[in-house]
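J.: next input, structure requested:
(chains A and B)
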Amino acid sequence: DTGVSQDPRHKITKRGQNVTFRCDPISEHNRLYWYRQTLGQGPEFLTYFQNEAQLEKSRLLSDRFSAERPKGSFSTLEIQRTEQGDSAMYLCASTTGEVYEQYFGPGTRLTVT
Amino acid sequence: AQKVTQAQTEISVVEKEDVTLDCVYETRDTTYYLFWYKQPPSGELVFLIRRNSFDEQNEISGRYSWNFQKSTSSFNFTITASQVVDSAVYFCALSETNFGNEKLTFGTGTRLTIIP
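T.: Predicted coordinates for the structure are as follows:
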């Protein structure tokens, strides 16, 4: 069990550029979550996958955000036409259906200049 | 809508003192889960405990203990004989069972600093 991994750990981009983040969950975990954490705040839910199906999206997830989880393994989160307000830590978490604690990755810190 | 309130933004205590972190929650569900996570300076959220709404027994794990009281909708966390390694931001979170989506609603966190 190598834990949840995320790549890249840090990303600096210019406003208007597209960025993509990757999350590799713990191998036997079928549920995957994306959260966003801004400075001084707790993480906020963005979206949820059960296997390859995206079952819920938060209102925080504007049309510029898209997430996928092909084949129910790793997941990607893409932000198009980034804005300065997108600067945050993007966290991925995974879990199984039998336990309820979510295991978090180290996060991707996005800075939009 | 569910909500978690951590009124203490920052706490500083001298090493070896006991410290309690408060958490108050709101939910309409009768079945829910409460969590505490630790976020050290490295940034990765570390799971500490999960408690379901039907189990009000207090729990102790080493220097950590948790007090769950449904009557006051509180789930407080106490660290006994604090150590410098306990310095971190601590988050309380709530999850409602929703057709398999146990998304977490977090509080704003309490930054704990242990002074050597």
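J.: which residues of chain A lie near chain B?
T.: By C-beta under 8 Å from any C-beta of the partner chain, the residues of chain A that approach chain B are A:31, A:33, A:35, A:40-45, A:48, A:50, A:55-56, A:89, A:91, A:93, A:95, A:97, A:100-107, A:109. All C-beta spots, glycine's among them, are computed from the backbone N, C-alpha and C.
J.: can we see that at 6 Å?
T.: By C-beta under 6 Å from any C-beta of the partner chain, the residues of chain A that approach chain B are A:Q41, A:G42, A:P43, A:F45, A:Y48, A:E56, A:Y100, A:E101, A:F104, A:P106, A:G107.
J.: which residues of the chain fall in strands?
T.: Just going to use chain A. Applying DSSP state E to chain A gives strands spanning A:5-7, A:10-13, A:19-24, A:31-37, A:44-50, A:53-57, A:65-68, A:75-79, A:88-95, A:103-104, A:108-112.
J.: ah, no, chain B please
T.: For chain B, strands defined by DSSP E occupy the ranges B:3-5, B:10-14, B:19-21, B:24-26, B:32-39, B:46-52, B:59-61, B:64-69, B:74-79, B:88-96, B:104-106, B:110-115.
J.: could you tell me the least trusted of these?
T.: Of all those, the minimum mean pLDDT falls on strand B:59-61 (a mean of 87).
J.: now what about that one, what contacts it?
T.: B:W66 (C-beta atoms under 6 Å, 6 or more residues apart in numbering or on different chains).
J.: now swap in stretch A:32-39 and tell me
T.: With C-beta under 6 Å, 6+ apart, stretch A:32-39 has contacts from A:25, A:43-49, A:75, A:77, A:88-94.
J.: show me how far it is from its chain's centre.
T.: Centroid separation for stretch A:32-39 versus its chain: 6 Å, with C-alpha atoms, centre = their mean, to the nearest Å.
J.: same question for stretch B:2-21.
T.: 9 Å.
J.: can I get that stretch as PDB, trimmed to CA atoms?
T.: This file holds the C-alpha atoms of stretch B:2-21, laid out as PDB (Å, rounded to 0.1, in the frame of the first residue of the first chain):
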ATOM      1  CA  GLN B   2     -24.500  20.200   7.000                       C
ATOM      2  CA  LYS B   3     -22.000  22.400   8.700                       C
ATOM      3  CA  VAL B   4     -19.000  22.100  11.000                       C
ATOM      4  CA  THR B   5     -17.800  24.900  13.200                       C
ATOM      5  CA  GLN B   6     -14.400  25.100  14.800                       C
ATOM      6  CA  ALA B   7     -14.500  28.300  16.700                       C
ATOM      7  CA  GLN B   8     -10.900  28.200  17.800                       C
ATOM      8  CA  THR B   9      -8.800  29.600  15.000                       C
ATOM      9  CA  GLU B  10      -5.400  29.300  16.800                       C
ATOM     10  CA  ILE B  11      -4.300  27.800  20.000                       C
ATOM     11  CA  SER B  12      -0.800  27.900  21.600                       C
ATOM     12  CA  VAL B  13       0.200  25.900  24.600                       C
ATOM     13  CA  VAL B  14       3.400  25.100  26.300                       C
ATOM     14  CA  GLU B  15       4.700  21.600  25.800                       C
ATOM     15  CA  LYS B  16       3.300  18.900  28.200                       C
ATOM     16  CA  GLU B  17       0.100  20.900  28.800                       C
ATOM     17  CA  ASP B  18      -3.200  19.400  27.900                       C
ATOM     18  CA  VAL B  19      -5.300  21.000  25.100                       C
ATOM     19  CA  THR B  20      -8.800  20.600  23.900                       C
ATOM     20  CA  LEU B  21     -10.000  21.400  20.300                       C
END
